[in-house]
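Peer 1: what follows is a predicted structure for the sequence shown.
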Amino acid sequence: MVSQRVGILGGAQTALVGRRDDVRLEELVFEAARAALADAGMVRDELDTIVMAGADQMDGRSISSMMAACPAGAYLKDEIRTTVEGSYAAVLACLRILSGEFETALAITWSKTSEGPYDLISTLSYDPFYHRPLAFNDVVEAAAVASSYAGPRGDLAEAAPVVVAKNRGNGAANPRAFLREAITPEAVSSSRYVAYPIRRAEVPQACDGAVALVLGSQRRALRSARPPVWIQGFGWGTGDYGVGAKVPAEFGGLRAAAAMAYARAGIRDPGRELDFAEVFDGTPYHEILAYEALGLAAAGGGPAFALDGSSARGGACPVNPSGGVQSANLRFASGLSRILEAYLQLSHRAGPVQLAAPAQGLAHGATTYPAQSHAVFVMRNS
Amino acid sequence: MSDGAPAGQPLIHPGQWNIHYDYAVGDTARQFFTDLRDHARIMGRRCPGCQAVLVPPRAYCERCFVKTTDWVEVGPLGTIEAFTIVYEPFDGLPRPPYVVAYVTLDGASTAMANFVTGVDLSVPAAAAQRLALGNRVEAVFADPREGLITDFHFRLA
Ligand SMILES: [Zn+2]
């Protein structure tokens, strides 16, 4: 398994906007799938399997993949859907290729949550007996988690606005981002609390869009139209349900995912060996905890890693040079967007946000705000 | 973006789901809610493997992957592990401001969420200090009780 790598042959993301009224959900899916195939210089006939990630309650349709499968390219082909965050489409696609049964796969995810009451929908995902009656939703739960991290990290509240400003500054230069206005740390820390300690400016406005990647076996990737980017290792992990299982949760799922990905990729010192990382930053607290869980910073050292500029563009390990979820909040789909941004960096096609000469990077996806499940990809361009 | 589409306002068709569920509480939680309602006490379940006292009770320990066995009374005092003060309104949630905290009740190994009352929330930093991790709270029981999680809440001890 270790000797076999999966290659990324191409990818695309639809232009991100607050609300897409000119296309319905399946037309949005078609748009991304077509664009990704075109980017890879391929046609639908060359795809062996289609792997989708989506969630019915967010799509407002039950078994929404019935409608999305064929626009994603699956007509009379093998297809499968996972109802986990977008990055899991890539996990499952890689596994299917490594099984030896498939040479190529399209991994696709979408987010069109402008059509429904997202906060209310997120309340539905909480336990109906112990949690739902207690006024939880994604933001409320994320705020409780953030407070539990703050205990042993006195500088966390100071670092959070710095992370938002860093990512929004990066996103301002990225033509693929949705929020393209920079914001100062002072403006972040003077915005109102939504749910203490999380402030309004730390929860990015969501957007509609779809993302697709074309993946291939090592053999197939070696004759691809574009130079492939290699997935050296990947991993995934699921932690306890809710912080109540044991507080603080400390991103156990992400630690497990990273350990698996690093073992497969042969990474021993991630802070030195990774040239950049694209991580889930639905709130700045998620990004800061990811520094620690990914081993970029020592335990308790997450806030300092932001405050000393290590995660900034030009720092020791730039994190979210694309602008991250703070600049492109594709709910439940942003992980595949992180992989796409890392792919573009390693292909030297990231445009105005291109880093000088990255050789190896990391992409991370997490299941929205409570962040129970995580996927990690280590990618190289040689 | 739409090729050859007519100019004008987008066309929006409304949709609505009104779906009622009857969730089975299960025998383990039924005992918990019955104790809560009839005796104003909070009960946890002990894992025979790791000895953890799970509150709210679970019929199994997901780490040891065995059935839990004995009932153990916990609280009513406990320690704040995590909290948030909700200041902005959300669809379907109570009118802000309000506090939700995860509290490890004395004798329990896991934290349990509930509302915290009796804290002046007008100044966030001051309120947060009173709710700081490690601070002590006490479960306060409603009267009458309905066998729901809202039969109790926390207040600062
Ligand atoms: Zn156990």
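Peer 2: Done, it's in.
Peer 1: any low-confidence regions in the chain?
Peer 2: All of this refers to chain A. Across chain A, the stretches falling below the confidence threshold (pLDDT under 70) are A:1-3, A:152, A:241-249.
Peer 1: actually chain B
Peer 2: Applying pLDDT under 70 to chain B flags the ranges B:1-3.
Peer 1: which positions in it make contact with the ion?
Peer 2: Selection of chain B residues close to the ion by Cβ under 5 Å from the ion yields B:47, B:49-50, B:61, B:64. (Glycine included, C-beta is placed from N, CA and C.)
Peer 1: quick check, nearest of those residues to A:Gly233?
Peer 2: When the residues of chain B next to the ion are ranked by distance to A:Gly233 (Cβ to Cβ), B:Cys64 comes first, at 30.0 Å.
Peer 1: let me know the secondary structure of the closest one.
Peer 2: coil (DSSP: H, G, I helix; E, B strand; the rest coil).
Peer 1: now the most centrally placed residue in chain A, what are its backbone angles?
Peer 2: Closest to where the C-alpha atoms of chain A average out (Cα atoms, centre = their mean) is A:Gly335, at 1.8 Å. In this entry, A:Gly335 is assigned phi and psi values of phi -60, psi -40 (degrees, to the nearest 10).
Peer 1: residue contacts, it?
Peer 2: A:Gly335 makes contacts with A:85-88, A:90, A:109, A:280, A:363-366, A:375, as judged by Cβ atoms under 8 Å, 6 or more residues apart in numbering or on different chains.
Peer 1: before we move on, what about A:Ile63?
Peer 2: Residues counted as contacts of A:Ile63 (Cβ under 8 Å, 6+ apart) are A:Asp56.
Peer 1: could you dump stretch A:309-325 to PDB, C-alpha only?
Peer 2: Below are the C-alpha coordinates for stretch A:309-325, written out as PDB (Å, rounded to 0.1, in the frame of the first residue of the first chain):
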ATOM      1  CA  GLY A 309       3.900  34.700  12.500                       C
ATOM      2  CA  SER A 310       4.900  31.100  11.900                       C
ATOM      3  CA  SER A 311       1.600  30.300  10.200                       C
ATOM      4  CA  ALA A 312       1.600  33.500   8.100                       C
ATOM      5  CA  ARG A 313       2.600  33.800   4.500                       C
ATOM      6  CA  GLY A 314       6.400  33.800   4.700                       C
ATOM      7  CA  GLY A 315       6.400  32.100   8.100                       C
ATOM      8  CA  ALA A 316       7.800  28.700   9.000                       C
ATOM      9  CA  CYS A 317       4.800  26.900   7.800                       C
ATOM     10  CA  PRO A 318       2.100  29.100   6.100                       C
ATOM     11  CA  VAL A 319      -1.300  27.900   7.100                       C
ATOM     12  CA  ASN A 320      -4.300  28.500   4.800                       C
ATOM     13  CA  PRO A 321      -2.400  30.600   2.200                       C
ATOM     14  CA  SER A 322      -5.600  30.400   0.200                       C
ATOM     15  CA  GLY A 323      -7.600  32.300   2.900                       C
ATOM     16  CA  GLY A 324      -9.100  29.100   4.300                       C
ATOM     17  CA  VAL A 325     -12.700  28.600   5.300                       C
END
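Peer 1: and for that stretch, what's in contact with it?
Peer 2: A:163, A:166-168, A:170-174, A:176-177, A:179, A:204, A:271, A:274-282, A:287, A:290-291, A:296-297, A:305, A:326, A:328, A:334, A:338, A:341, A:345, A:350, A:353, A:355.
Peer 1: buried stuff in it?
Peer 2: Along stretch A:309-325, these residues count as buried under the neighbour rule (16 or more other Cβ atoms under 10 Å in any protein chain shown): A:310-313, A:316-325.
Peer 1: nearest spatial neighbour of the residue nearest to the centre of chain A, skipping sequence neighbours?
Peer 2: In space, A:Gly335 comes closest to A:Gly365 once its chain neighbours are excluded; the distance is 1.7 Å by Cβ to Cβ, 6 or more residues apart in numbering or on different chains.
Peer 1: rewinding a little: in strands, which of the contacts of stretch A:309-325 appear?
Peer 2: A:276-278 (DSSP state E).
Peer 1: out of those, who's the most crowded?
Peer 2: Counting neighbours by other Cβ atoms under 10 Å in any protein chain shown, the top entry in the ones in strands among the contacts of stretch A:309-325 is A:Glu278, with 31 neighbours.
Peer 1: helix, strand, or coil at A:Ala93?
Peer 2: Of the three states, A:Ala93 takes helix according to three-state DSSP.
Peer 1: point to the residue nearest the middle of chain B.
Peer 2: Most central residue of chain B, judged by C-alpha distance to the mean C-alpha position with Cα atoms, centre = their mean, is B:Ala113 at 3.2 Å.
Peer 1: what's opposite it in the beta bridge?
Peer 2: When assigned by DSSP bridges, B:Ala113 has beta-bridge partners B:Tyr102.
Peer 1: please apply the same query to A:Ile8.
Peer 2: With DSSP bridges as the rule, A:Ile8 is bridged to A:Leu215, A:Val229.
Peer 1: just the one 4 residues further on next, same as before
Peer 2: Using DSSP bridges, the beta-bridge partners of A:Ala12 come out as A:Ala212.
Peer 1: ok, it - contacts?
Peer 2: If a contact means Cβ under 8 Å, 6+ apart, then A:Ala12 has A:32, A:35-36, A:38-39, A:211-212, A:340 as its contacts.
Peer 1: isn't the residue nearest to the centre of chain B right up against A:Pro133?
Peer 2: No - contact between B:Ala113 and A:Pro133 fails when scored by Cβ atoms under 8 Å: they sit 10.0 Å apart.
Peer 1: what's the burial count for A:Arg192?
Peer 2: Taking other Cβ under 10 Å as the definition, A:Arg192 ends up with a neighbour count of 10.
Peer 1: element containing the residue of chain A positioned farthest from its centre, please.
Peer 2: In chain A, the greatest distance from the average C-alpha position (Cα atoms, centre = their mean) is reached by A:Phe129, at 30.4 Å. Counting by DSSP states H and E, there is no helix or strand that carries A:Phe129.
Peer 1: for A:Leu336, see how far away it is.
Peer 2: Separation of A:Phe129 from A:Leu336 (Cβ to Cβ, to the nearest Å) stands at 33 Å.
Peer 1: rewinding a little: from the contacts of A:Ala12, which ones fall inside helices?
Peer 2: The helices, defined by DSSP state H, take in A:32, A:35-36, A:38-39, A:340 from the contacts of A:Ala12.
Peer 1: follow-up on the earlier one: keep only the contacts of stretch A:309-325 that also lie close to chain B.
Peer 2: Among the contacts of stretch A:309-325, no residue is within reach of chain B (Cβ under 8 Å from any Cβ of the partner chain).
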